[in-house]
Every structure is written in C-alpha cells, then in structure tokens.
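Chemist: What would the 3D arrangement of this be:
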Amino acid sequence: MITVLAGGVGAARYLAGLLQIVDADDITAIVNTGDDTWLHGLRVCPDLDTITYTLAGAVNPETGWGLVGETWVALGELRAYEEARAWFALGDRDIGTHLYRTGRLAEGATLTDITAGITRRWGLDLRLVPMTEDEVATRFTLADGGEEIGFQDYFVGHHHSVAVSAVRFAGIDSATPSPGVLDAIAAATRIVVAPSNPIVSIGPVLAVPGIRDAIAARRDDVVAVSPIIAGGTVKGPADRLLVELGHEASVVGVARLYADVVGTLVIDDADAHLADDVEAEGVRCVVAPTLMHGPPESAALARVTLA
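Modeler: Predicted coordinates:
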C-alpha cells in the first residue's frame, strides 16, 4: 500500500500520476482539513474536494479547483441579499457536494464515511481520508497590525497577498487522527509527502497528535517531493510564507523542515546544484523533473517516488 500525505492542487496532480502506475485499491491519501470552513451554513472541505474533482477528471482546468462547466446562479442570488459575505465562490454543482456533506454531518455521519460516499459518487476507488474528524482551523496572524484571520479569508479574500507573522492550527491539540490514518501509515510500503505547501497543507497533517511520530517511525520509507523549484512555487504562496515565517524558500529549506520525518527528498533538475546542501541536512536527495505539466509527467514523478 502507498500512503500519501496530501493537500491541494499539487497533491491532486501527484495522485493522478500515481493512479496511472498503482492500483487505486492500494492507495490511501491522508488529506489536510485545516482549511475547511463553514460557509453559508455549509461545511466546505477544499482540499478533499479539489483532489476528488481532479482525479474524477471534473476539475476546472483554469483554476485547479472547482468544477468544469460550473454555473453561478445561486451565488448571484446570494450576492443580491448579502454581497459582503459572498466573496467565496461556490458554484451550483459544487454546492451539491457541500449540501450532501453538511446534511450527513447533521445526521451524525463521520467525515471519513462522508468522504468515502463522495469519492464513490465520482467513481474513485482510492481511499481519501481526512487527517482528523475534529475541526481544526488554520489561522494567520497578519504582519501589519497583528490581526488574526482564517485560511479562506487569507487565501481567497486577500488573494494570499498579505504578509503574515505567524500561523497556528486552532483545535489541533485536542484533535485525534481519523480512524485508519495510523494504520495506513504503519502498513504502507512507501509513504509519500506530496508536493504541497509544507506550512499550511502538510503542516496541519503532521501537527495532528500522533501522526508526526508515526511518520517519523517510518522515516526511511518516507519520500517527499519539494513544492519549491528554483526558489519559487508553481502555484500558491508557499515560497512567501516560508520567508515570512523565518524559513528558507529553497529545497534546502524544505529539507530542513522535513528532516525528522522524511528520509528522501525529490528535487527538480533546476535545483540539482543544491543536492549536496540538501543531503547536509541529513536527507537523501534525488534529482528528477518534478513539474507536472500533464499526465505523463505526473506518472513519471510518481515512478521516481516509488523507485
């Protein structure tokens, strides 16, 4: 079994490649829920949904999230009532997923079981598991003024353009891993940390009590793919967040963050000259193309992580 720590667009593309070379029944993805939110009374799980829609071939290719062919009638009506609260775009089709999830939660179903129902509806056979059943919220402290805001306010409302001085995961201390998470880590023949933001996508997963220790115990079998290429990111604010929080926005900085839990780091050809510096952090380094332009590149990267 292959177990993947996952969050967001990069993880979705990696998993799409992995599915080309590994049976879906042999893949478990432990997915970040730190950026989940309640919006208009609905429980929204962006990373779980982005991964689901991507693997189902239904994601909006222009954004990397949401559904292709989406319409926005409900959002337009909502804005007519309360425009100030309608800055987060929920499409008409996407709302169906959130209605299903919220209704099942109200009936007492677990997020793990609900997620399994959603993946079945989209014809997926791999197992997506939320990192925890407990509500955990990624919170940012703004560098200018010290105001604390939620993930979606930072990422969508402010277009991740504001500097931050701290990140915390509210509720993490009392959270426990979802059923099956620790078993998936213990039973895996290979554990992969997907090329996701190490601060706000992988960070919350590792922060759930018990998960980091379980991954560290398997360190020799853990391979991470750096989301940082030549000092920057393909998508998202990971490079800026690293710098703002006192880390180095480079493959060396990623190696330093992951050194206690990752035995091998895959870095892009563009960073080949930093391979020795990565290994100086105590992490084995593998150099390979990591940009996933399409299915062939995603599959090739997946092969590297399993080799």
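Chemist: C-alpha only now, for contacts and for neighbours.
Modeler: OK.
Chemist: care to break this protein down by domain?
Modeler: Following automatic domain parsing, one gets these domains for the chain: 2-34+48-55+109-133+177-306, 137-172.
Chemist: for these, which one ends up most surrounded?
Modeler: Highest mean neighbour count among the domains of the chain (mean count of other C-alpha atoms under 10 Å): domain 2-34+48-55+109-133+177-306, with a mean of 20.
Chemist: coming back round to it: quick one: the domains of the chain as JSON lines, columns for distance to Gly103 too.
Modeler: Listed next are the domains of the chain as JSON lines, based on distance: least, C-alpha to C-alpha, whole Å:
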{"stretch": "domain 2-34+48-55+109-133+177-306", "distance to Gly103": "9"}
{"stretch": "domain 137-172", "distance to Gly103": "21"}
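Chemist: Which residue is the nearest non-sequential neighbour of Val243?
Modeler: Leaving aside its chain neighbours, Val243 sits nearest to Ala249 (6.0 Å; criterion: C-alpha to C-alpha, 6 or more residues apart in numbering).
Chemist: scratch that, Ala12 is what I was asking about
Modeler: Nearest one to Ala12, counting by C-alpha to C-alpha, 6+ apart, is Ile51 at 4.7 Å.
Chemist: The one you found looks like it's in a helix, true?
Modeler: Yes: counting by DSSP: H, G, I helix; E, B strand; the rest coil, Ile51 is part of a helix.
Chemist: Is it in contact with Tyr14, as I believe?
Modeler: No: the criterion here is C-alpha atoms under 8 Å, and Ile51 misses it with Tyr14 at 9.8 Å.
Chemist: Strands of the protein, start to end?
Modeler: 2-6, 27-31, 37-39, 42-44, 127-130, 137-142, 148-150, 164-170, 190-193, 222-225, 228-229, 232-233, 264-267, 284-287 (DSSP state E).
Chemist: JSON lines for the ones you listed, including mean pLDDT?
Modeler: Formatted as JSON lines, the strands of the chain follow (pLDDT from 0 to 100):
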{"stretch": "strand 2-6", "mean pLDDT": "98"}
{"stretch": "strand 27-31", "mean pLDDT": "98"}
{"stretch": "strand 37-39", "mean pLDDT": "92"}
{"stretch": "strand 42-44", "mean pLDDT": "95"}
{"stretch": "strand 127-130", "mean pLDDT": "98"}
{"stretch": "strand 137-142", "mean pLDDT": "95"}
{"stretch": "strand 148-150", "mean pLDDT": "89"}
{"stretch": "strand 164-170", "mean pLDDT": "95"}
{"stretch": "strand 190-193", "mean pLDDT": "98"}
{"stretch": "strand 222-225", "mean pLDDT": "98"}
{"stretch": "strand 228-229", "mean pLDDT": "96"}
{"stretch": "strand 232-233", "mean pLDDT": "86"}
{"stretch": "strand 264-267", "mean pLDDT": "98"}
{"stretch": "strand 284-287", "mean pLDDT": "98"}
